[in-house]
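**Student:** Return a 3D structure for these sequence lines:
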Amino acid sequence: MGTATQNVAGIDVRRLAGHIGAEIAGVDLSAPMSDTVMAGIRAALLRHKVIFFRDQRLSHADHIAFGRRFGVLTRRPGRKHGVHPEGHPEILIVDPDAEDSRYGRRFEERLRPKALRHDSGWHVDLAAAVNPPAISVLRSEVVTEYGGDTQWTNLVAAYRGLSGPLQALADGLRAEHTLYAACELVLSDEEDVEVIRRLTEDTLLSVHPVVRVHPETGEKTLFTPPASVTRLLGLLPWESRHLLELLYEHIGRPEYTVRWRWAVGDVAVWDNRAVAHLQPADLDHTDYRRTLYRVTVLGEPPVGPDGFTSEAVRGEPLTVHAQS
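**Tutor:** Predicted coordinates:
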């Protein structure tokens with residue numbers, strides 16, 4: 001058994017939960033960083049799946065520079081790029097009050113009551129793209145006095161938790177991913193109709209392996225986040241629904257998760273190839289709002305144990321940001 005805290009390349013890495021998460025101390029992310037320290041950070045990320053840094057006062061430029069140490073930054077093609085700070089298109093503003101010209105304000109809050117499951121919020125960033133981001137870097141600027149925690153779950157542990165026969169079945173399956181798959185959009189709701197119309201004009205739809213082989217560690221991950229999966233290909237609809245329910249239950253098992261209470265200046269970095277995360281939904285009835293900023297690192301199409309490589313059905317792959 002390893003100790004809770006280890007020193008790697010001059011940084012302190014303290015484990016936070018049994019299967020996922022570590023807090024890193026002894027690093028100023030706004031200062032020049034040696035390749036040795038960066039290698040230690042990356043090793044901690046690959047091992048613990050999500051890592052956290054406290055008391056980091058990063059400017060937008062600092063945030064972008066740190067993100068680029070993990071690889072080139074990416075953005076989604078098409079019209080829905082999200083809202084970014086002026087002069088920094090690489091950064092996405094994560095704030096329910098940020099203006100969204102496509103769907104209107106408080107869009108996600110309106111959709112939450114339409115969720116098909118209580119845990120439908122578990123998602124992998126831009127999983128509907130044929131090449132979802134490899135890594136996400138999120139920093140906090142405005143936090144709440146209570147609530148607003150974010151959770152992450154280890155998709156490697158979720159796969160290992162499956163029984164052998166179920167692992168063997170999942171290894172050869174494919175899943176269809178798209179935007180807002182976990183919501184019931186109905187034609188009797190005019191706002192839903194407008195969302196459906198806009199989605200058909202500019203959407204992402206991809207087929208991914210249900211089990212993804214991590215390109216760096218070789219670990220198998222259960223790549224079926226509820227927020228984006230519509231169905232399992234090759235199965236009857238009712239078969240698909242029942243099997244997905246079982247896989248979703250494994251993904252959301254509490255023992256595979258870590259929960260983070262945000263403070264101003266916190267930075268979270270997660271391996272988007274190995275985790276899903278759940279944004280908080282406990283503040284919608286309050287006046288509290290959070291403001292966070294995120295950059296994402298370009299990823300590659302997932303590959304399954306049988307060699308199947310993800311395929312795009314609709315929409316373009318994520319691209320290198322022009323300034324990366």
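**Student:** CA atoms for contacts and neighbours, from now on please.
**Tutor:** Noted.
**Student:** which secondary structure element contains residue 39?
**Tutor:** Applying DSSP states H and E as the criterion places residue 39 in helix 35-48.
**Student:** Figure out how far that helix is from the centre of its chain.
**Tutor:** 19 Å (Cα atoms, centre = their mean, to the nearest Å).
**Student:** Over to stretch 46-65?
**Tutor:** 15 Å.
**Student:** Now it: buried residues?
**Tutor:** 46-54, 56-58, 60, 63-65 (16 or more other Cα atoms under 10 Å).
**Student:** May I ask which two of those residues are separated the most?
**Tutor:** Farthest pair in these (Cα to Cα) is 47 and 60. Separation: 27.4 Å.
**Student:** about what we covered before: so which of the buried residues of stretch 46-65 belong to helices?
**Tutor:** 46-48, 60, 63-65 (DSSP state H).
**Student:** Contacts only, for residue 256.
**Tutor:** 18-20, 153-154, 157-158 (Cα atoms under 8 Å, 6 or more residues apart in numbering).
**Student:** do the same with residue 20
**Tutor:** Here residue 20 is in contact with 48-50, 153-154, 256-258 (Cα under 8 Å, 6+ apart).
**Student:** make it 6 Å
**Tutor:** The contact partners of residue 20, taken as Cα atoms under 6 Å, 6 or more residues apart in numbering, are residue 48.
**Student:** now it: how far from residue 153?
**Tutor:** From residue 20 across to residue 153, the span is 7 Å (Cα to Cα, to the nearest Å).
**Student:** who does the host helix or strand of residue 175 touch, helix- and strand-wise?
**Tutor:** Take DSSP H and E as the rule and residue 175 turns out to sit in strand 174-178. Strand 174-178 sits against strand 205-209, strand 229-232, with contacts defined as 3 or more Cα pairs under 6 Å, 6 or more residues apart in numbering; DSSP states H and E.
**Student:** Tell me which of those strands is the most buried.
**Tutor:** Of all those, strand 205-209 has the most neighbours on average by mean count of other Cα atoms under 10 Å, namely a mean of 26.
**Student:** Describe which strands that one pairs with in its sheet and in which direction.
**Tutor:** Partners of strand 205-209 in the sheet, by DSSP bridges, are strand 174-178 (antiparallel), strand 311-314 (antiparallel).
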